[in-house]
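Engineer: What shape does this take:
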Amino acid sequence: MGSEGPKAITIHVTGFKKFQGVPINPTEFIVNNLKDYVEKKGLPAGVTLGSCTVLEVAGDGALPQLYQTMESVVSKTDANSNANVVWLHLGVNSGAARFAIERLAANEATFRCSDELGWQPQQVPIVLEDGGISRTRETSLPVDAILNFFKKGKGYDVMVSNDAGRFVCNYVYYHSLRFAEQKGNKSLFVHVPLFSRIDEETQMRFIASLLEAIASAC
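Structural biologist: Numbers count the residues shown, from 1 in each chain. All right, here's what the predicted structure looks like:
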């Protein structure tokens, strides 16, 4: 039998709504405008932008929408085994001045403030059956290769991080990494700064480049 050729890649993106201290979440803007943006700019061959979903900044409160989205995608792609599914989650780090590619998520929920539904866990395992709060999960995407992509004259200040915090970003990322491992997908979380640090157009261009970087890494 001959080769079936490279697999197509579909990248599904999530962001978050506003939360305490961040009245305007840049990831909500990015996710809501990404489809129109890439339609104008174009995507690399073989790459498709899938669902774009904005989640509540809530731990357990975000899970029904997250899992509904992921299960729906998996059920539709089961019939097409010649496809790679990547989950790209975007969150804001209000204290950051550059983009951060998150390598890990920890099985720990320790919220520095209440989430948008009033929950503030402290040192609680995110998934009990995974063991204690010291457990971590790592993305199967080559984050160093993605970082190197941006070092080749792209003009963005990007770093790799080994600590996604312990708030809702880490909470969602841990669930996504676990789901991706079970379903044969890939998952990645990227923190972006506020628009007051890096403007809207630059961030949109960065995310479009990130889609290309993920595709090249796959």
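
Engineer: So which residue is smack in the middle of the chain?
Structural biologist: By Cα atoms, centre = their mean, the chain has its centre lying nearest to residue 89, at 1.6 Å.

Engineer: So that one sits against residue 176, correct?
Structural biologist: Yes: contact criterion Cβ atoms under 8 Å: residue 89 and residue 176 qualify, at 6.1 Å. Placement of C-beta: from N, CA and C, glycine included.

Engineer: intersection of neighbour lists for those two?
Structural biologist: When contacts are counted by Cβ atoms under 8 Å, 6 or more residues apart in numbering, residue 89 and residue 176 are jointly contacted by 187, 189.

Engineer: rewinding a little: for the residue nearest to the centre of the chain, give its distance to residue 50.
Structural biologist: Per Cβ to Cβ, to the nearest Å, residue 89 is found 13 Å from residue 50.

Engineer: One more: residue 152?
Structural biologist: When distance is defined by Cβ to Cβ, residue 152 is 26 Å away from residue 50.

Engineer: Compare the two (neighbour count), which wins?
Structural biologist: For residue 152 versus residue 50, neighbours defined as other Cβ atoms under 10 Å are more numerous around residue 50 (19 against 7).

Engineer: What sits closest to the more buried one if chain neighbours are left out?
Structural biologist: residue 12 (4.0 Å; Cβ to Cβ, 6 or more residues apart in numbering).

Engineer: Now for the closest residue to residue 112 other than its chain neighbours: which residues touch it?
Structural biologist: In this structure, residue 112 finds its nearest non-sequential neighbour in residue 167, 6.2 Å apart by Cβ to Cβ, 6+ apart. Residues counted as contacts of residue 167 (Cβ under 8 Å, 6+ apart) are 111, 112, 115.

Engineer: neighbours around residue 131, how many?
Structural biologist: 10.

Engineer: check contacts around it.
Structural biologist: Going by Cβ under 8 Å, 6+ apart, residue 131 touches 107, 125.
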